[in-house]
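Peer 1: coords please:
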Amino acid sequence: MALDTLTAALRLKAWGYFGTGLRSSNILPMQSATKANTRTESDKILNRRRRKKFNGTAIKPRLSVFCSNKQLYAMLVDDQNKKCLFYGSTLQKSIRSNTPCTTIEAAERVGEELIQACVDLNINEISTYDRNGLAVGERMQAFEIAIARHGFLPR
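Peer 2: Numbers count the residues shown, from 1 in each chain. Here you go, the predicted model:
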């Protein structure tokens, strides 16, 4: 025990001579990375950057689709007037009430309802297809197939 106190005292004395002692000004908190690496940048950050470039109009709105773990939500957005021209989700009673269906079939019905709304609003094409940085799943594929039949997906 006496040996431990002696070595601790020598260490403190050595720090004083060489100027490497621990002071509160020398200890800085760890800096967190605020900007993602460009090679491994997340899809949501890339999507946010793309949304600045592509805006929807009343004639060519932006199609924004979000797919959660259980449901799918789709919107036609007029970014210039800041209005939502169409909103549909797999939770709506108009989609689920006819016959009991799975979420994949409901996502296909949302796509068909979107096409019907586009016909009613005289919309012939959409400016961009915004998946909100999400990968394609079964519900998203069923939705895309329903709207691709009518040529609404931009190339």
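
Peer 1: And the helices in this structure, which stretches?
Peer 2: Along the chain, counting by DSSP state H, helices occupy 2-18, 43-53, 93-96, 103-120, 138-148.

Peer 1: among those helices, which gets the worst mean confidence?
Peer 2: Ranked by mean pLDDT, the helices of the chain bottom out at helix 2-18, with a mean of 57.

Peer 1: Please report how far residue 96 lies from residue 121.
Peer 2: 24 Å (Cβ to Cβ, to the nearest Å). All C-beta spots, glycine's among them, are computed from the backbone N, C-alpha and C.

Peer 1: what do you get for residue 146?
Peer 2: 17 Å.

Peer 1: number of nearby residues for the closest residue to residue 151 other than its chain neighbours?
Peer 2: Nearest non-adjacent residue to residue 151, counting by Cβ to Cβ, 6 or more residues apart in numbering: residue 125, 7.8 Å away. Residues lying near residue 125 (other Cβ atoms under 10 Å) number 12.

Peer 1: Backbone dihedrals for residue 125, please?
Peer 2: Backbone torsions of residue 125, given as degrees, to the nearest 10, read phi -150, psi 160.
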